[in-house]
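[1] Have a look at this fold, sequence not included:
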């Protein structure tokens with residue numbers, strides 16, 4: 001509750017279970033604080049550094065899982081508008 005005490009209009013509002021910005025099961029200010037604490041604990045640094053780390057992690061994950069159910073590789077012809085007929089022909 002200390003997160004919103006400065007913005008609440010009256011003393012009565014400060015003893016409520018939640019403020020108008022939040023709900024009874026979460027506090028947006030607390031979530032933001034938890035995310036910042038997690039980032040500090042895990043060495044993410046600035047927002048830009050966190051974005052770069054996240055993009056690199058997701059890129060590695062997607063690269064590792066490039067095969068489809070049929071076993072074809074994404075990227076062999078996926079970026080092409082016109083693909084060779086041999087690529088689309090059934091084997």
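    Noted; the coordinates are in hand. A quick note: this is a predicted structure, and the numbers were derived from the prediction, not measured.
[2] What distance do you get for residue 43 to residue 85?
    Using Cβ to Cβ, to the nearest Å, one obtains 51 Å as the distance from residue 43 to residue 85. For the C-beta atoms, the positions are set from N, CA and C on the backbone; glycine is no exception.
[3] Doesn't residue 59 belong to a strand?
    No - using DSSP: H, G, I helix; E, B strand; the rest coil, the assignment for residue 59 is helix, not a strand.
[4] Now do the contacts for it.
    Contacts for residue 59 (Cβ atoms under 8 Å, 6 or more residues apart in numbering) come out as none.
[5] so where's the protein uncertain?
    1-21, 24, 65-84, 87-91 (pLDDT under 70).
[6] and with 90 instead?
    1-54, 57-91 (pLDDT under 90).
[7] Assign a three-state SS to residue 39, would you?
    Under three-state DSSP, residue 39 falls in the helix class.
[8] Name the nearest residue to it, sequence neighbours excluded.
    Leaving out its chain neighbours, the residue that sits closest to residue 39 by Cβ to Cβ, 6 or more residues apart in numbering is residue 50, at 6.1 Å.
[9] Any figure for the gap between the one you found and residue 23?
    Distance, residue 50 to residue 23, by Cβ to Cβ: 27 Å.
[10] Give the residue from these two that has the larger number of neighbours.
    residue 50 (15 against 11; other Cβ atoms under 10 Å).
[11] What separation do you get for the more buried one and residue 86?
    Applying Cβ to Cβ, the value for residue 50 to residue 86 is 44 Å.
[12] Could you do residue 61 as well?
    Counting by Cβ to Cβ - residue 61 and residue 86 are separated by 31 Å.
[13] and what of residue 51?
    Counting by Cβ to Cβ - residue 51 and residue 86 are separated by 40 Å.
[14] So between the two, which is more surrounded?
    Taking neighbours as other Cβ under 10 Å, residue 51 and residue 86 compare with residue 51 leading, 11 against 7.
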